[in-house]
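Colleague: When you get a sec, could you give me coordinates for this:
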Amino acid sequence: MKGKKLLLVLLVGLIAFPTWSASYFKYYNQGISFLKAKDYKNAELFFDRTLKNKPDFVPAMNALVQIYTIKKEYPKAITMCNKVIKAKPKETGIYLSLADVYRRLGRYKEARATLKKMYVFEPKNIDAKLVEADILSSLNNHNEAINVYNDIAKINKEKAFESYRRIGIIYLNKKNDLINAEVYCKKALSIKPHDERTLKLLGYTYLKKKAWAKAAQQLSKVSEKALSTEDLNWLGYCYRTTKNIDKAIHYYEKLFRRSKNKDQKSAVALSELYKKKGNNAKSSEYNKIATSSDIVDYSAAYKLGYNLLKSKKYSEAIIQFKKSIKSKNDFYGSWYALGICEYNLGKKTIALRNFKKASELKPSYPTTWWYMAMIYDSQKKLKDAVAAYSQAIGYDPKNPGLWYNLGVDYFELKDYNNAAAAFEQAIKLKPNYIDALYNLSNAYQKLGKPNLAADALRKAQKLEGK
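Modeller: Have a look, this model is predicted:
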């Protein structure tokens, strides 16, 4: 899950009043309707109208605090909280709201000071204890926070669900303790089996465990309205990984429709899934959409390019790899694959530039250095080739082909000692390496070692059956 979904403190006084009393009641009731529908823009408008008609109407102020907090307009929320406190100092709920806003802003001293003011009126307020635990968690005092949450769960059964859920969040997102994350998510769900936030939390716990079937089982219990695009993508991935093609298609199509038929990543997935199902027409349809998509996902574009590369459609593959790079400039795979396409099209200077970029992003990939060395060989830049082969060998020292090519370049540079050493290493890794034996014989000849040269030559000829 992306961070912790924090509890919005329920504000006191958000109740509907009879519409016949006064005009500000009408505005207030309309605001409440919009707030329940999560239409915060219109809700705010009507609560503002309420306060224009009755500036000291605390329930409307409380409602605006809730809206400002949801919209992360924290300075406005603080200002409104202080207005409520001024109008009604014993309104304990507003202290909770203010403390929660300060906590979100990282102003923990002010959050605690606000709670202390509240304790004057309600010293045992359990909601305040929850906010205190939240503050401890925000300060990375996770063990203390867990202890407070557990104490709350023992004292107040009504708050046990929220306490367990928040402990689950700490174990999942802060401590990466997947065993306890699962335990506390299940404890929370034993109290509220259909709570969608906790079902998601447990689902993401299983995702981290790579328990794909269990993750899909939990996430699929969440209503479609509550599923984010990330959730839909994971559901598609889980079912695809567990080879449930029909369900994978179901969720990827939902994701695709939600993007107004423009999401490249889901289009690529659907193309591949329909191909596995044997529906080539649908597969082709989605592939066409993915290929021409303006909304590019770097991994999807890379996958399209890779499939074209395998089919030796280098020019078409280049288009997709360039889209991938435009979307994510620091993914070495796209630069490397782009280099291969250009290399195969004979555009070696351009290919070299792409391989250099790939090597900067991921120096440990030996094949990139190998391609660079081969290009330098073709340009007769033997010293550069030697340097590139040496880099490749540093990451893949047991590759006899790299040692052999290095030996050839050293020989061309008339560095016969290093040439012989490289050929010897190639033969050590691959004893029946005939070309390496012939070249080693030549290197020994140049070094004035006729006996060793003759021995290497005999071995080569014997392997060839001469």
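Colleague: so what are the domain limits for the protein?
Modeller: Domain assignment for the chain by automatic domain parsing gives 227-294, 392-466.
Colleague: got TSV for those domains, with mean pLDDT too?
Modeller: TSV is the format used below for the domains of the chain (pLDDT from 0 to 100):
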stretch	mean pLDDT
domain 227-294	94
domain 392-466	96
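Colleague: could I get those domains as TSV with mean neighbour count and distance to residue 93?
Modeller: Placement of C-beta: from N, CA and C, glycine included. Converted to TSV, those look like this (neighbours: other C-beta atoms under 10 Å; distance: least, C-beta to C-beta, whole Å):
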stretch	mean neighbour count	distance to residue 93
domain 227-294	18	30
domain 392-466	18	62
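Colleague: wait, which of these is closest to residue 220?
Modeller: Of all the domains of the chain, domain 227-294 sits nearest to residue 220, with 6.4 Å by C-beta to C-beta.
Colleague: Start and end of that closest one, how far apart?
Modeller: Domain 227-294 has an end-to-end distance of 25 Å (criterion: C-alpha to C-alpha, to the nearest Å).
Colleague: if we look at the helix or strand where residue 163 lies, which residues are touching it?
Modeller: Secondary structure assignment for residue 163, by DSSP states H and E: helix 157-169. If you take C-beta atoms under 8 Å, 6 or more residues apart in numbering as the criterion, helix 157-169 is touched by 1, 4-5, 7, 126-127, 130, 133-134, 137, 145-146, 149-150, 152-154, 180-181, 184-185, 187-188, 191-192, 195, 197-198, 201-202, 205.
Colleague: Can you say which of those residues are buried?
Modeller: Taking 16 or more other C-beta atoms under 10 Å as the criterion, what is buried in those is 1, 4, 7, 127, 130, 133-134, 137, 145-146, 149-150, 152-153, 180-181, 184-185, 187-188, 191-192, 195, 197-198, 201-202, 205.
Colleague: So which of these belong to helices?
Modeller: Those of those mapping onto helices are 127, 130, 133-134, 137, 145-146, 149-150, 152-153, 180-181, 184-185, 187-188, 191, 197-198, 201-202, 205, per DSSP state H.
Colleague: buried stuff in the helix holding residue 163?
Modeller: Buried-residue list, helix 157-169, by 16+ other C-beta under 10 Å: 159, 160, 161, 162, 163, 164, 165, 166, 167, 168, 169.
Colleague: Mind putting the residues you listed into a markdown table with pLDDT and distance to residue 214?
Modeller: Formatted as a markdown table, the buried residues of helix 157-169 follow (pLDDT from 0 to 100; distance: C-beta to C-beta, whole Å):
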| residue | pLDDT | distance to residue 214 |
| --- | --- | --- |
| 159 | 92 | 28 |
| 160 | 96 | 24 |
| 161 | 96 | 21 |
| 162 | 95 | 24 |
| 163 | 96 | 24 |
| 164 | 97 | 19 |
| 165 | 97 | 18 |
| 166 | 96 | 22 |
| 167 | 97 | 20 |
| 168 | 97 | 15 |
| 169 | 97 | 19 |
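Colleague: Check the secondary structure at residue 90 for me.
Modeller: For residue 90, the assignment made with DSSP: H, G, I helix; E, B strand; the rest coil gives coil.
Colleague: what's near enough to touch it?
Modeller: Per C-beta under 8 Å, 6+ apart, neighbours of residue 90: residue 121.
Colleague: Kindly provide the distance from it to residue 44.
Modeller: 26 Å (C-beta to C-beta, to the nearest Å).
Colleague: my guess is residue 234 contacts residue 207, does it?
Modeller: Yes - shown here, residue 234 and residue 207 form a contact pair, counting by C-beta atoms under 8 Å, at 6.2 Å.
Colleague: So for these two, which residues contact both of them?
Modeller: Joint contacts of residue 234 and residue 207 (C-beta under 8 Å, 6+ apart) are residue 215.
Colleague: Residue 252: helix or strand, and which one exactly?
Modeller: Short version, using DSSP H and E: residue 252 is in helix 245-258.
Colleague: Tell me what angle the helix or strand following that helix forms with helix 245-258.
Modeller: As assigned by DSSP H and E, the chain's next helix or strand after helix 245-258 is helix 264-277. Here the directions of helix 264-277 and helix 245-258 differ by 150 degrees (axes from the mean of the first three to the mean of the last three C-alpha atoms, to 10 degrees).
Colleague: Report the next helix or strand after helix 264-277 in sequence order.
Modeller: helix 280-292.
Colleague: to the chain's geometric centre, what's the distance from that following helix?
Modeller: Relative to its chain's centre, helix 280-292 lies at 26 Å (C-alpha atoms, centre = their mean, to the nearest Å).
Colleague: Check what contacts it and list those residues.
Modeller: By C-beta under 8 Å, 6+ apart, the surrounding residues in contact with helix 280-292 are 261, 264, 267, 268, 270, 271, 272, 274, 275, 300, 304, 320.
Colleague: For residue 60, list the residues it contacts.
Modeller: Counted by C-beta under 8 Å, 6+ apart, residue 60 has contacts 24, 28, 31, 47, 50, 51, 54.
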